[in-house]
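Colleague: Show me the folded form of this:
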Amino acid sequence: MEFIPEALFGASYRKSLTTLFPRFLKAMAAYHEEEIRAYFRDAFGYEGDVDGSAAKMVALFEELGIDMYFEGDADETRICQIPIDSVLDQDEVIRIIRESMQ
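Modeller: Residues are numbered from 1 along each chain as shown. Now for the predicted structure:
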């Protein structure tokens with residue numbers, strides 16, 4: 001999935017992976033909520049819901065000087081044309097990309 005911003009925006013792999021990661025965890029919580037909550041707790045000390053923890057992770061990365069958003073157009077048609085192999089459906093993938101846009 002991290003190659004979608006590379007194709008859409010010409011983003012580097014590092015930026016794509018870092019920017020999508022908290023939003024990906026949020027989406028994966030629909031399938032593995034307890035594991036995702038445990039990750040946030042163990043890795044960052046975040047307690048509470050996954051949405052709040054993902055937002056804290058984005059804020060932490062921004063405080064470290066990492067740009068956590070993409071600029072451009074999240075064209076749904078183009079996103080759907082990029083082949084991905086994921087448990088996430090197209091709507092979930094589009095939502096992750098949209099949440100990563102300024």
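Colleague: buried residues in whichever strand or helix holds residue 55?
Modeller: Using DSSP states H and E, residue 55 maps to helix 50-63. Using 16 or more other Cβ atoms under 10 Å as the burial criterion, the residues of helix 50-63 that qualify are 50, 53-54, 56-58, 61. (Each C-beta comes from the backbone N, C-alpha and C, glycine too.)
Colleague: need the helices for the chain, in chain order.
Modeller: Under the criterion DSSP state H, the chain carries helices at the ranges 3-9, 13-44, 50-63, 76-81, 90-99.
Colleague: Turn those into TSV, including distance to residue 69 and mean pLDDT.
Modeller: Formatted as TSV, those follow (distance: least, Cβ to Cβ, whole Å; pLDDT from 0 to 100):
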stretch	distance to residue 69	mean pLDDT
helix 3-9	10	93
helix 13-44	7	97
helix 50-63	9	98
helix 76-81	16	92
helix 90-99	9	95
